[in-house]
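J.: need a structure here:
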Amino acid sequence: MLTSKQLNQKIATFGKTTAAMREDMQTILVNAAAHAYQHGDVTFFDRLFENASGVNRLRATEWVREFGFATLTKEGKFKFSRETRAKFDFKDGLECYNWLQLNARPWWSKEEDMGDIAKKLDVAARIKSLASQIKNASNKNTQVTIDATEINAAMAMLKDAILAEVDAPATVDTAARIAA
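T.: Numbering: from 1, shown residues only. This next block holds a predicted model:
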């Protein structure tokens, strides 16, 4: 097991390595985008993503779609986007590169911070917590009020909220069973 000092050193090194990896990937993305603009060739994106395990590929793919003149196919390969290229009028790849260096956001900039992650609402966890509170109420001498009319109204509100949030068939079926 690592000592506290060793663990702190590992964490500091990891932070530096992560920052360097992000910058390296940004450099590759910008250059691959400029290459795609000039040559219509997006194979550098494919090669990058084949070697980019351990990074947020979703964020990087969003960057490519926004700035890289490419879209991701169902087969998991990038395809040159003539439509995106037509929106720009750079004289060549170098001018595109210079513009991207000044204007393209870092590929990782849309990542959630820990506060955003903590704020996510897990409906199932909330329901389980409520069930546990009701179950444990008698052990804590807590009075539990059960009003069937109010519970039915609350369940209908829950169903409506779920239906409004997600229109996936599994969620709709679940909401229908909840309300029944």
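
J.: where are the low-confidence patches of this structure?
T.: For the chain, residues meeting the criterion pLDDT under 70 lie at 54, 111-122, 125, 137-138, 161, 164-180.

J.: what residues go with each domain of it?
T.: 4-113, 121-179 (automatic domain parsing).

J.: with mean neighbour count added, can I get those domains in a markdown table?
T.: (C-beta placed from N, C-alpha, C; glycine too.) Shown next, in a markdown table, are the domains of the chain (neighbours: other CB atoms under 10 Å):
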| stretch | mean neighbour count |
| --- | --- |
| domain 4-113 | 15 |
| domain 121-179 | 11 |
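
J.: for the longest helix that the chain contains, packing partners?
T.: Counting residues, the longest helix found in the chain (DSSP state H) is helix 4-39. In terms of contacts (3 or more CB pairs under 8 Å, 6 or more residues apart in numbering; DSSP states H and E), helix 4-39 is packed against helix 43-50, helix 57-67, helix 93-103.

J.: hmm, try it at 6 Å
T.: helix 43-50, helix 93-103 (3 or more CB pairs under 6 Å, 6 or more residues apart in numbering; DSSP states H and E).

J.: need the contact list for the closest residue to residue 40 other than its chain neighbours.
T.: Spatial nearest neighbour of residue 40, chain neighbours left out: residue 80 (5.0 Å); criterion: CB to CB, 6 or more residues apart in numbering. When contacts are counted by CB atoms under 6 Å, 6 or more residues apart in numbering, residue 80 touches 40, 42, 70.

J.: what do you get for residue 73?
T.: residue 79 are the contacts of residue 73 under CB under 6 Å, 6+ apart.

J.: same question for the one 3 residues further on.
T.: When contacts are counted by CB under 6 Å, 6+ apart, residue 76 touches no other residue.

J.: does residue 64 touch residue 72 like I think?
T.: No: checked against CB atoms under 6 Å, the pair residue 64 and residue 72 is beyond contact range at 7.4 Å.

J.: what's the distance between residue 67 and residue 76?
T.: 20 Å (CB to CB, to the nearest Å).

J.: I misspoke; the intended subject was residue 147.
T.: 53 Å.

J.: how about residue 44?
T.: 15 Å.

J.: kindly report the same for residue 38.
T.: From residue 38 to residue 76 the distance is 24 Å (CB to CB).
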